[in-house]
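Asker: Mind folding the following:
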Amino acid sequence: MTNKKEITAGIIIIGNEVLSGRTKDINTSTLAKWLNSLGIEVKEARVIPDLESIIIETVNNLRKKFDYIFTTGGIGPTHDDITAESISKAFSLEYGFHKQAYSILEKYYKPGEFNDGRQKMAKMPTSANLILNPTSGAPGFYVENVFCLPGVPSILQSMIGGLNNVLIGGDPILNLTISLRTVESEIAKSITNIQNKNNDVEIGSYPFFRAGRLGVSIVLRSANKKKLDLCNAEILEFVKSKNIEIIEET
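Answerer: This is a model prediction of the structure:
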């Protein structure tokens with residue numbers, strides 16, 4: 001059984017520190033794997049700076065293209081954390097203290113610790129829905145189909161499970177990986193022929209260098225398990241016929 005409607009998502013990684021290379025982006029991978037498990041396919045990911053005009057333009061562009069948008073970064077306590085205010089402007093909503101978020105943070109910190117910086121984390125579109133944070137207290141939020149999460153990977157990972165019942169997905173996107181001791185040029189024609197016969201399965205080939213030797217991982221993705229297994233069988237058949245060594249199947 002296949003989806004009647006494909007459910008799609010876009011990811012916006014916000015932060016000068018990612019663009020400069022000081023911080024490694026692992027949030028895209030975390031979000032994509034989680035969304036795939038819900039039957040939501042990530043179609044685009046962008047990394048943008050902490051600039052209000054670019055945040056607004058990017059959010060307004062992508063939220064019209066995809067069913068869901070996820071932003072990471074820029075909702076902390078410092079002066080360059082401008083995502084919440086930018087989202088307010090993108091939707092033409094009031095920006096200020098969110099009563100529930102303020103209450104959560106006020107209770108989270110000890111008396112005297114709830115300073116101006118920490119209070120700033122309660123400022124967002126005042127009508128937004130909250131995404132609870134079991135790790136560090138400060139909630140994320142969402143407006144319509146735009147979900148705003150923190151940039152710290154461990155905190156983001158602890159929060160996304162709370163959205164499982166909010167998002168409407170399709171059939172989970174299934175994955176199979178076959179790692180081979182070969183080079184892409186040796187398998188390119190066979191892979192192309194199999195892909196042309198299996199439009200419901202996405203086939204990707206990714207070279208790697210391991211233990212001083214070259215190899216290629218073939219990754220199959222589909223929401224249809226029957227077609228995925230059929231495609232996998234066709235690949236294993238040509239691999240066997242060419243006497244190519246299989247390193248791993250996952």
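
Asker: where exactly do the strands run in this structure?
Answerer: Chain-ordered strands for the chain, with DSSP state E as the definition, fall at 8-14, 41-48, 68-72, 95-97, 123-125, 129-131, 140-143, 146-149, 174-181, 202-210, 213-222, 245-249.

Asker: Select, out of those strands, the one closest to residue 25.
Answerer: When those are compared by C-beta to C-beta, strand 8-14 sits nearest residue 25, at 5.5 Å. For every residue, glycine as well, the C-beta is placed using N, CA and C.

Asker: Give the partner strands of that closest one in its sheet and their orientations.
Answerer: Applying DSSP bridges to the sheet, strand 8-14 is found paired with strand 41-48 (parallel), strand 68-72 (parallel).

Asker: Would you mind finding the most buried of the ones you listed?
Answerer: strand 68-72 (a mean of 27; mean count of other C-beta atoms under 10 Å).

Asker: got a list of contacts for it?
Answerer: The contact list for strand 68-72, computed with C-beta atoms under 8 Å, 6 or more residues apart in numbering, reads 7-15, 27, 31, 35, 40, 55, 59, 62-63, 83, 87, 145-151, 156, 167.

Asker: Okay, domains of the protein per the record?
Answerer: According to automatic domain parsing, the chain comprises the domains 8-163, 174-249.

Asker: Residue 249 - nearest residue in space that isn't next to it in sequence?
Answerer: Leaving out its chain neighbours, the residue that sits closest to residue 249 by C-beta to C-beta, 6 or more residues apart in numbering is residue 178, at 5.4 Å.

Asker: before we move on, back to that, winner for burial among the domains of the chain?
Answerer: Note that of the domains of the chain, domain 8-163 is the most buried (mean count of other C-beta under 10 Å), with a mean of 18.

Asker: mean confidence score for that domain?
Answerer: Taken as a whole, domain 8-163 has a mean pLDDT of 96.

Asker: that older thread, quick one: the residue nearest to residue 249 from residue 198, how far?
Answerer: Computed with C-beta to C-beta, to the nearest Å, the distance linking residue 178 and residue 198 is 14 Å.

Asker: Relative to residue 12, how far out is residue 205?
Answerer: Counting by C-beta to C-beta, the gap from residue 205 to residue 12 is 28 Å.

Asker: which ones are touching the residue nearest to the spatial centre of the chain?
Answerer: Nearest to the mean C-alpha position of the chain, by C-alpha atoms, centre = their mean, lies residue 31 at 2.8 Å. If you count contacts by C-beta under 8 Å, 6+ apart, residue 31 has them with 9, 11, 42, 70, 72, 156, 160.

Asker: With distance to residue 227 added, can I get those residues in CSV?
Answerer: Shown next, in CSV, are the contacts of residue 31 (distance: C-beta to C-beta, whole Å):
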residue, distance to residue 227
9, 23
11, 27
42, 21
70, 28
72, 33
156, 33
160, 28
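
Asker: Just the closest of those to residue 107, please.
Answerer: Out of those, the member with the shortest distance to residue 107 (by C-beta to C-beta) is residue 156, at 22.3 Å.

Asker: residues contacting that closest one?
Answerer: By C-beta under 8 Å, 6+ apart, residue 156 lies in contact with 27, 30-31, 72, 149-150.

Asker: Grab the nearest non-local neighbour of it.
Answerer: Using C-beta to C-beta, 6+ apart and skipping residues adjacent in sequence, the residue nearest residue 156 is residue 149, 4.9 Å away.
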